[in-house]
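Colleague: coords please:
(chains A and B)
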Amino acid sequence: MHPAATIDTNRFGAEAINLKNAQVQKLVMILLGIMATVLVIPVVMIVITLIQRGGPAISWAFLTTFPSNGMTAGGIFPALLGTVWLVAISLLASVPLGVAAAIYLSEYAPQDHWLTRVINLATINLAGVPSIVHALFGLGAFVAFFHLGTSILAASLTLAVMTLPVVIVASWESLQSVPQAFREACWNMGATRWQTIWHVVLPNALTGILTGIILQVSRAAGETAPIMFTGAAFFLPHLPSGVMDQTMALALHLFTISTQVPGVPDEIPFGVALVLFGIVLVVNTFSIWLRMYLRSKKKW
Amino acid sequence: MSSTTLSVSKISVRNLTIRYGSFTALSDVSLEIPPNQVFGIIGPANSGKTSFLNAINRMDMMRSNMQVTGSVHFNGVDVRSWRNVYALRSKIGVVFPLPVGLPLSIYDNVALSPRLRGLTDKTQIDEIVERSLRRAALWDEVKDRLTSLGSLLSGGQQQRLTIARALSQDPEVLMLDEFSIAVDPVTTMRIEDVLKELKQQMTVILVTNLVQQANRLADQTAFFLDGRCVEVGETRALFDGQVRDQRTNDYIEGRFG
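Modeller: Sure thing, here's the model as predicted:
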């Protein structure tokens, strides 16, 4: 008889052991599934609470008028506008710097050089710094040292420093995801590093870079600490006339009317929170949509 | 070393040694590659064949740990004395083991090199694209969809696209590094026919892990083993068993590798 025919099938998989493994696998799957589902609970609860309690405050007038009666009534227009200003200017500063740094780190820096390691280490640590520390840095550096005063510019730059490491890491990762073979092919046909980056690497890394940047919008919009010492005011009766003025901002406005001002009707802070949450939701949804759209056009 | 050797050879390699850190990929290789020939390089994996190609077009500049000693002369001029390495590389087309269709349209893949050199005239570029694709035996298959993505072509088509891209540089030397690894046999034969045509106009360096491919195409063949050039000679002679080193015969006959 041929030797293969004599092999005992039980040697490779006893029925009893298979059954037990299958049960364990099922149990693990259910447990992990439950834990993943638990994640959804806080999000759903936040959304329900915000809509229930803040919903009644939302109206066109709420979004377009100034606060009145010592911030116990009226709208949030200057805070909304201020947040848009702060986010826009902070991105204007952090995006060019962050993307440029990422291009250098990914495409030019020798990987085993000490300077590269120092920059990488600095980036990682900068990402881990608490936002209140960024606030104190901004106060010391931009407000005092560079004499920008408490202004939109100082606050935006502080936010920019805070978002910079994430912009760098997100851009670096999407640059790295472009296959090395594309670079090799370009170099071999006589392209310089910059030509390679411009014609082949950047166009294909753009998706990841964009999503990384957009996610920073919601982060910058939601931060309170970095702006409260550097350029955001509790209350201003007029709109800022330029980047050297102070401004109101949504996140700080929420903090102020929830803790500092007596007699504010409940729906106003919840309304502010709902607006802030709405902005974050819209921006993140857009970012996810953009990523899916561009991924569907992926070219390799 | 007489100067006539330099002028006769397209590429002249003297005592070429390549190290990556403490690892020696190629040691003390000297050989002459004459113009308008297919020069075959055979040998098992890790015998230094790819490193050899990289040294010719100065790709060591792009790799921080690759050290090259010895010399490579291209048209009699040391490649390290070229002040503009990008011009040097544009005279040397390279085809990789795995086809690299850049994520651009078929047209843009082939037009990239002329554009990088500053050519903007549409009719001129059109002409180069068509001529290059024709020479690579791909034109008839793609002429109706030049705007579709080059990276979505089949493996065999992408490899011919890579060849067309290399030809768009109008190179004096075409280096192919195991081009048939990811290509079906029919496409391989078509590309081999293309190479037979091309050697009328340029020098072809064919690194291959298929001994018979070298036998079919190469005028001269070098056998690399463990970073050394064991033997160089007329392909016909080598395959007729006229070898100086027994290892060459063993490799050709398939006893190892």
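Colleague: and the stretch 1-150 of chain A, which residues reach chain B?
Modeller: A:P110, A:Q111, A:D112 (CB under 8 Å from any CB of the partner chain). (Each C-beta comes from the backbone N, C-alpha and C, glycine too.)
Colleague: Kindly indicate which of the residues you listed lies nearest B:G70.
Modeller: A:P110 (24.1 Å; CB to CB).
Colleague: Helix, strand, or coil at the closest one?
Modeller: Recorded secondary structure, A:P110: coil (DSSP: H, G, I helix; E, B strand; the rest coil).
Colleague: Could you point out the longest helix of chain A?
Modeller: Longest helix in chain A, counting residues (DSSP state H): helix A:267-296.
Colleague: just checking, what packs against that one?
Modeller: helix A:40-54, helix A:77-103, helix A:202-222, helix A:250-259 (3 or more CB pairs under 8 Å, 6 or more residues apart in numbering or on different chains; DSSP states H and E).
Colleague: Now distance to B:G48 too, for these, in a markdown table please.
Modeller: Below are the helices and strands packed on helix A:267-296 laid out as a markdown table (distance: least, CB to CB, whole Å):
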| stretch | distance to B:G48 |
| --- | --- |
| helix A:40-54 | 57 |
| helix A:77-103 | 33 |
| helix A:202-222 | 32 |
| helix A:250-259 | 61 |
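Colleague: looking at those, which is closest to A:I119?
Modeller: helix A:77-103 (7.5 Å).
Colleague: Also compute the angle for the helix or strand just after that closest one relative to helix A:77-103, please.
Modeller: Remark: after helix A:77-103, the chain's next helix or strand is helix A:114-128, criterion DSSP states H and E. Using axes from the mean of the first three to the mean of the last three CA atoms, to 10 degrees, the direction of helix A:114-128 lies 160 degrees away from that of helix A:77-103.
Colleague: So which bits of helix A:114-128 are buried?
Modeller: Going by neighbour count (16 or more other CB atoms under 10 Å in any protein chain shown), the buried part of helix A:114-128 is A:I119, A:N120, A:T123, A:L126.
Colleague: For it, list the C-alpha coordinates in CSV.
Modeller: Extracted in CSV, the C-alpha atoms of helix A:114-128 (Å, rounded to 0.1, in the frame of the first residue of the first chain):
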residue,chain,number,x,y,z
TRP,A,114,21.3,62.2,13.6
LEU,A,115,19.5,65.4,12.5
THR,A,116,16.7,63.3,10.9
ARG,A,117,16.3,61.5,14.2
VAL,A,118,16.3,64.7,16.2
ILE,A,119,13.6,66.2,13.9
ASN,A,120,11.5,63.0,14.1
LEU,A,121,11.8,62.9,17.9
ALA,A,122,10.9,66.6,18.1
THR,A,123,7.8,66.0,15.9
ILE,A,124,6.6,63.1,18.0
ASN,A,125,7.1,64.9,21.3
LEU,A,126,5.5,68.1,20.0
ALA,A,127,2.4,66.0,19.2
GLY,A,128,2.3,64.8,22.8
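Colleague: what residue ranges in the chain score low on pLDDT?
Modeller: Going with chain A. A:1-17, A:298-300 (pLDDT under 70).
Colleague: that's the wrong chain, I meant chain B
Modeller: Ranges of chain B meeting pLDDT under 70: B:1-7.
Colleague: how much space between A:L86 and A:V129?
Modeller: 19 Å (CB to CB, to the nearest Å).
Colleague: that older thread, closest one to chain B out of the residues of the stretch 1-150 of chain A next to chain B, please.
Modeller: The closest of the residues of the stretch 1-150 of chain A next to chain B to chain B turns out to be A:P110 (CB to the nearest CB; 4.8 Å).
Colleague: Quick one: name the residues of chain B near chain A.
Modeller: So far as CB under 8 Å from any CB goes, chain B lies against chain A at B:57, B:59, B:62, B:64, B:86-90, B:92-94, B:96, B:98, B:100-104, B:112-113, B:116-117, B:149, B:151-152, B:162, B:165-166, B:169.
Colleague: Which of these fall in strands?
Modeller: Using DSSP state E, B:I92, B:G93, B:V94 are the members of these that sit in strands.
Colleague: What is the nearest of those to chain A?
Modeller: The closest of those to chain A turns out to be B:V94 (CB to the nearest CB; 4.0 Å).
Colleague: who's in contact with the nearest residue to that closest one once chain neighbours are set aside?
Modeller: With CB to CB, 6 or more residues apart in numbering or on different chains as the criterion, B:V94 has its nearest non-adjacent residue at 4.0 Å, and that residue is A:N188. Listed by CB atoms under 8 Å, 6 or more residues apart in numbering or on different chains, the contact set of A:N188 reads B:N57, B:M59, B:R89, B:I92, B:V94.
Colleague: Check those against A:Y293 and report the nearest one.
Modeller: So of the contacts of A:N188, ranked by how close each gets to A:Y293 (CB to CB), first place is B:V94, at 34.9 Å.
Colleague: The stretch 1-150 of chain B: strands as residue ranges?
Modeller: B:11-20, B:23-33, B:38-42, B:66-74, B:77-78, B:92-95 (DSSP state E, counting those that start in this stretch).
Colleague: Leaving out chain neighbours, which residue sits closest to A:S90?
Modeller: A:L159 (3.7 Å).
Colleague: mind checking how far that neighbour is from A:L81?
Modeller: On the measure of CB to CB, A:L159 and A:L81 end up 16 Å apart.
Colleague: who has more neighbours, those two?
Modeller: Neighbour totals were compared for A:L159 and A:L81, and A:L159 leads with 30 against 18 (other CB atoms under 10 Å in any protein chain shown).
Colleague: Return the residues in contact with the closest residue to chain B within the stretch 101-250 of chain A.
Modeller: Nearest residue of the stretch 101-250 of chain A to chain B: A:G190, at 3.4 Å (CB to the nearest CB). Counting by CB under 8 Å, 6+ apart, A:G190 makes contact with B:Y86, B:A87, B:L88, B:R89, B:S90, B:S113, B:L116, B:R117, B:Q169.
Colleague: Tell me the most packed of the residues you listed, by neighbour count.
Modeller: B:R89 (27 neighbours).
Colleague: hang on, that one packs against B:R58?
Modeller: Yes. Using CB atoms under 8 Å, B:R89 is in contact with B:R58, at 7.0 Å.
Colleague: A:T83 and A:L50, how far apart?
Modeller: Taking CB to CB, one finds A:T83 at 17 Å from A:L50.
Colleague: Please apply the same query to A:V275.
Modeller: With CB to CB as the criterion, A:V275 and A:L50 are 10 Å apart.
Colleague: Looking at the two, which has the bigger crowd around it?
Modeller: Using other CB under 10 Å, the more surrounded residue of A:V275 and A:L50 is A:V275, with 23 against 18.
Colleague: before we move on, the earlier item: looking at the contacts of A:N188, spot the one nearest B:M202.
Modeller: Of these, the one sitting nearest to B:M202 (CB to CB) turns out to be B:I92, at 9.8 Å.
Colleague: for stretch B:201-212, how far is the first residue from the last?
Modeller: Its first and final residues considered, stretch B:201-212 spans 24 Å by CA to CA, to the nearest Å.
Colleague: Going by neighbour count, list what's buried in it.
Modeller: Neighbour-count burial for stretch B:201-212 [16+ other CB under 10 Å]: B:M202, B:T203, B:V204, B:I205, B:L206, B:V207, B:T208, B:N209, B:L210, B:V211.
Colleague: next one: stretch A:188-203
Modeller: Of the residues in stretch A:188-203, A:N188, A:M189, A:G190, A:A191, A:Q195, A:T196, A:I197, A:H199, A:V200, A:V201, A:L202 count as buried by neighbour count, 16+ other CB under 10 Å.
Colleague: got the CA coordinates for that stretch in PDB?
Modeller: Once non-C-alpha atoms are left out, stretch A:188-203 reads as follows in PDB (Å, rounded to 0.1, in the frame of the first residue of the first chain):
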ATOM      1  CA  ASN A 188      16.700  56.300 -13.600                       C
ATOM      2  CA  MET A 189      15.300  58.400 -16.500                       C
ATOM      3  CA  GLY A 190      17.300  61.400 -15.400                       C
ATOM      4  CA  ALA A 191      14.700  63.200 -13.200                       C
ATOM      5  CA  THR A 192      16.000  65.200 -10.300                       C
ATOM      6  CA  ARG A 193      14.600  64.500  -6.800                       C
ATOM      7  CA  TRP A 194      12.500  67.600  -7.100                       C
ATOM      8  CA  GLN A 195      11.100  66.700 -10.500                       C
ATOM      9  CA  THR A 196      10.300  63.300  -9.200                       C
ATOM     10  CA  ILE A 197       8.500  64.800  -6.200                       C
ATOM     11  CA  TRP A 198       6.600  67.300  -8.200                       C
ATOM     12  CA  HIS A 199       5.500  65.100 -11.100                       C
ATOM     13  CA  VAL A 200       5.000  61.700  -9.400                       C
ATOM     14  CA  VAL A 201       5.200  61.600  -5.600                       C
ATOM     15  CA  LEU A 202       3.100  64.700  -4.600                       C
ATOM     16  CA  PRO A 203       0.200  64.100  -7.000                       C
END
